[in-house]
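Novice: model the structure of this input:
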Amino acid sequence: MEGTEQERNGEKRLMMTDRLQESMQYLNRRLAVDKSFDMLYRVIHIGGKEAAFYFIDGFCKDEMMEKLLQYFISIKEEEMSEDVHGMLKKHMPYVEVDVSDQWETIIRNIMSGVFGLFIDGYEKCILIDSRTYPARSVSEPEKDKALRGSKDGFVETVVFNTALIRRRIRSTELRMEMLNAGDSSQTDIVLCYMESRVNQDYLQKLKTRISEIKVDALTMNQESLAECLYKRCWYNPFPKFKFTERPDTAAAQILEGDIVILVDNSPSAMITPTTVFDVVEEADDYYFPPITGTYLRLSRFLIAVLTYFLTPTFLLLMQNPEWIPESFAFIMVKDTINIPLIWQFILLELAIDGLRLAAVNTPNMLSTPLSVLAALVLGEFSVNSGWFNSEVMLYMAFVAIANYTQASYELGYALKFMRILNLILTSIFGLWGYIAAVVFCIVAIVCNRTVASTSYIYPLIPFDGKKLCRRFFRLRLPEARK
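Specialist: Residues are numbered from 1 along each chain as shown. Just a heads-up that it's a prediction; the model follows:
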């Protein structure tokens, strides 16, 4: 059976036939083998039958393919099977093999690096998965470092990432479900979850959302996928997903019943559903004893709160110096204020992001001298010239450094946006603006929803005292209490 539909470059078929020449003509046109230098094919004879194989140069394991071809060519005519299934049973010395007669499936596999073998008289294509992708080593990620614990990290190859999780969870309940998205990119998406622990309703909803994604390509990998999965409340900056490059963190979330989404070509995993407490947690909380882990966690919470309140509170007190107790009079700005404090804070907020972007794009050999130059120019000279007051520089330096206590860039920028809003409202409306900004920040967190449409601040709302206690205090693990 064979169906057709019109395409720009001619006929687009749905199913292949058992005529090799016809299949080759169709593939040569669809794959444009005469234009793409890395799209290769070769015609050989296997057991007296004419055959052809297609592959992309750079994706196949050369040594493995040479051995397979030597074996195929050595098959005698009387040993040759009459159908593809007999061929697989008798003459296929490889493990990862599949067959298909659907042209879209065949072409998608070939474009992914799978070796496609067509034999005259066979109504199906033999797909041999001998591909290998260029990949870096699974070294510790630069972003998600831990003081103690494993030092491996995710890479851009999704198969390596699933293996890192499998290494930690040796359970038959662990599922790795492959999906695709993007009309042109056909990006591989893997859903990792525990069958007995995951919320089945949310899992089905997530599968449906991914299958209904109508985009040409996931250009920005996980960010493109995240925006397709959650289109509501784009103006709320607090993160809906938790991103991690650590396999141990991803494995721990899977064991807790969450779903980890791996996207090919991305070295990080998306964890969903995610609450604000999940975003704040880090691996170091569990690699140290309970008392140390509790201290690290509470310190991170406190520093996150300080990064939001410090500069707006200082601005409010400078507008109302009579509120400052005598014992804290030293926080007053002593020097002449040439530029209003609000503009100093706004300029420094932008300057810090500018320095961060410059640091990312600075060659390693120039990073040290340019860092010294930036410290002298933007530090001492900017104060001496009268652009900024030393107190403002001090508080903004604390905020800039304290932001790196959070592993989540998304949470850091969410607090940054809320802090800038607080600064602006405080400078315009004084105390009432300060209160309004704080209320707006609280409402943005409380009214936010996870991708699963659950509370963003669970177990605070709805209240669960036991789980809330475990969110703030690192208690002994269940295995240790037995």
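Novice: ok, now which ones touch the nearest residue to K90 once chain neighbours are set aside?
Specialist: Nearest residue to K90 in three dimensions, chain neighbours excluded: S81, at 5.7 Å (C-beta to C-beta, 6 or more residues apart in numbering). No exception for glycine: its C-beta is placed from N, CA and C like everyone else's. S81 makes contacts with 47, 87, 89-91, as judged by C-beta atoms under 8 Å, 6 or more residues apart in numbering.
Novice: what about the residue lying farthest from the centre of the chain, which SS state?
Specialist: Distance from the centre of the chain peaks at E78, with 52.8 Å (C-alpha atoms, centre = their mean). Counting by DSSP: H, G, I helix; E, B strand; the rest coil, the backbone at E78 sits in helix.
Novice: likewise L425?
Specialist: Classification of L425 using three-state DSSP returns helix.
Novice: just give the closest residue to it, not the sequence neighbours.
Specialist: Closest residue in space to L425, ignoring its immediate chain neighbours: G433 at 3.4 Å, by C-beta to C-beta, 6+ apart.
Novice: show me where pLDDT drops low in the stretch 301-450 of the chain?
Specialist: 365-380 (pLDDT under 70).
Novice: state the distance from T292 to L298.
Specialist: Using C-beta to C-beta, to the nearest Å, T292 is found at 11 Å from L298.
Novice: my bad, K145
Specialist: Relative to L298, K145 is positioned 20 Å away (C-beta to C-beta).
Novice: next one: T132
Specialist: 46 Å.
Novice: try F473
Specialist: 8 Å.
Novice: ok, A181 next?
Specialist: According to C-beta to C-beta, A181 stands 40 Å off from L298.
Novice: who has more neighbours out of the two?
Specialist: Between A181 and L298, counting by other C-beta atoms under 10 Å, A181 is the more crowded of the two (23 against 13).
Novice: what sits against that one?
Specialist: A181 makes contacts with 187, 189, 210, 213, 215, 218, 225, 228, as judged by C-beta under 8 Å, 6+ apart.
Novice: pull the most distant pair out of the residues you listed.
Specialist: I189 and V215 (12.2 Å; C-beta to C-beta).
Novice: counting neighbours around each, name which of these two comes out higher.
Specialist: Between I189 and V215, counted using other C-beta under 10 Å, I189 has the larger neighbour count: 23 against 16.
Novice: doesn't that one fall inside a strand?
Specialist: Yes: with three-state DSSP as the criterion, I189 is part of a strand.
Novice: so what's it bridging to?
Specialist: In this structure, I189 bridges to L179, V263 when assessed by DSSP bridges.
Novice: now do the same contact list for it.
Specialist: If you count contacts by C-beta under 8 Å, 6+ apart, I189 has them with 178-181, 210, 225, 261-264.
Novice: next, count neighbours for the closest residue to N265 other than its chain neighbours.
Specialist: With C-beta to C-beta, 6+ apart as the criterion, N265 has its nearest non-adjacent residue at 5.2 Å, and that residue is E156. For E156, the count of nearby residues is 17 (other C-beta under 10 Å).
Novice: what of T292?
Specialist: 13.
Novice: residue contacts, the nearest residue to N448 once chain neighbours are set aside?
Specialist: Leaving aside its sequence neighbours, N448 sits nearest to Y456 (C-beta to C-beta, 6+ apart; 4.0 Å). By C-beta under 8 Å, 6+ apart, the contact set of Y456 is 238, 275-276, 445-450.
Novice: out of these, which sit inside helices?
Specialist: 276, 445-446 (DSSP state H).
Novice: so E82 lies in a strand, does it not?
Specialist: No: under three-state DSSP, E82 falls outside any strand and is assigned coil.
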